[in-house]
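Asks: Below are the sequence and a predicted model; questions follow.
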Amino acid sequence: LSHIMSFFSCLPCCADAPEHASRQPVLLDVLHMSVDAVVVKAGRRLCGTGSALGNAPLVQNKSFWEVTLQAQGTWAIGVATRQIDLNEMPLGKSSGSWVLRSNGDLYYSDRVMGHIEHRFTEGDIIGCSYDHERLVFYVNGVEQAAAFTNVRGDVYPIVSVDKGAILELEFVSFTHPVPSYMPIMFEKSLL
């Protein structure tokens, strides 16, 4: 009987655990990355040469994540479908990816769809907000005028690096949060 009582005495403390404690973390997906990409730092940093998708689709109404430029080089940040060729560089060539490239150009289907007037440097934090159609970028907390308004399909966060670039992703604790946008959640977490 004392064993049963000690088991039930734990329940109140377990019920007080943070809501996010049992959620599967959103990370870069090592099963959906290009051959020469290197994912480190517990699935939050991309280096080497290539691309990696996030492990969670963007299914909620308003999702947000941040990417910190750790080292200069060529990079791209945005969203893509799982059908994208992750070995195709640079991202934005196909109709399955919508990305901001390191030169400030927004690319989709091998066309420039806009431009961000910012000279990116190490330490810059690029925020991404997505609401099932519109992908908006923020640089160090400032919303940029150029955005994608034609995003379609089941998409995932995507990043790519080349020529020494290193990107670090943050899916929960944001430096520059955007009001009404939430961290990416897995579909089962939405229920």
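Replies: Arrived safely.

Asks: Now Pro99, what are its backbone angles?
Replies: Check again: residue 99 is Val, not Pro. Backbone torsions of Val99, given as degrees, to the nearest 10, read phi -140, psi 150.

Asks: Skip the chain neighbours and tell me the closest residue to it.
Replies: Gly78 (3.4 Å; C-beta to C-beta, 6 or more residues apart in numbering). Glycine gets a C-beta too; all of them are placed from N, C-alpha and C.

Asks: what about that neighbour, is that helix, strand or coil?
Replies: When classified by DSSP: H, G, I helix; E, B strand; the rest coil, Gly78 comes out as strand.

Asks: Could you pull up the residues touching it?
Replies: Leu91, Gly92, Ser97, Trp98, Val99, Leu100, Cys128, Leu135, Phe148, Pro157, Ile158 (C-beta atoms under 8 Å, 6 or more residues apart in numbering).

Asks: Looking at the residues you listed, which is nearest Tyr108?
Replies: Nearest to Tyr108, judged by C-beta to C-beta, of these is Trp98 at 4.9 Å.

Asks: For the contacts of Gly78, give me a markdown table that also has neighbour count, pLDDT and distance to Asn55.
Replies: Shown next, in a markdown table, are these (neighbours: other C-beta atoms under 10 Å; pLDDT from 0 to 100; distance: C-beta to C-beta, whole Å):
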| residue | neighbour count | pLDDT | distance to Asn55 |
| --- | --- | --- | --- |
| Leu91 | 27 | 95 | 18 |
| Gly92 | 26 | 94 | 21 |
| Ser97 | 28 | 96 | 17 |
| Trp98 | 27 | 97 | 19 |
| Val99 | 26 | 98 | 18 |
| Leu100 | 30 | 98 | 21 |
| Cys128 | 24 | 98 | 16 |
| Leu135 | 24 | 98 | 19 |
| Phe148 | 21 | 97 | 22 |
| Pro157 | 26 | 98 | 9 |
| Ile158 | 28 | 98 | 11 |
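
Asks: Next one: the residue nearest to Val99 relative to Tyr107, how far apart?
Replies: 8 Å (C-beta to C-beta, to the nearest Å).

Asks: what residues are shared contacts of the two?
Replies: In contact with both Gly78 and Tyr107: Leu91, Gly92, Ser97, Trp98, Val99, using C-beta under 8 Å, 6+ apart.

Asks: out of the residues you listed, what pair is the most spread apart?
Replies: Leu91 and Trp98 (9.0 Å).

Asks: what touches both of those two?
Replies: With C-beta under 8 Å, 6+ apart as the test, Leu91 and Trp98 both reach Gly78, Ala80, Tyr107.

Asks: wait, the second one sits on Leu91?
Replies: Going back to what we said before, that points to Ala80. Yes - Ala80 lies in contact with Leu91 (C-beta atoms under 8 Å); the separation is 7.0 Å.

Asks: Average pLDDT for the longest strand along the chain, rounded please.
Replies: The residue-count maximum for a strand in the chain (DSSP state E) belongs to strand 63-71. Averaging pLDDT along strand 63-71 yields 98.
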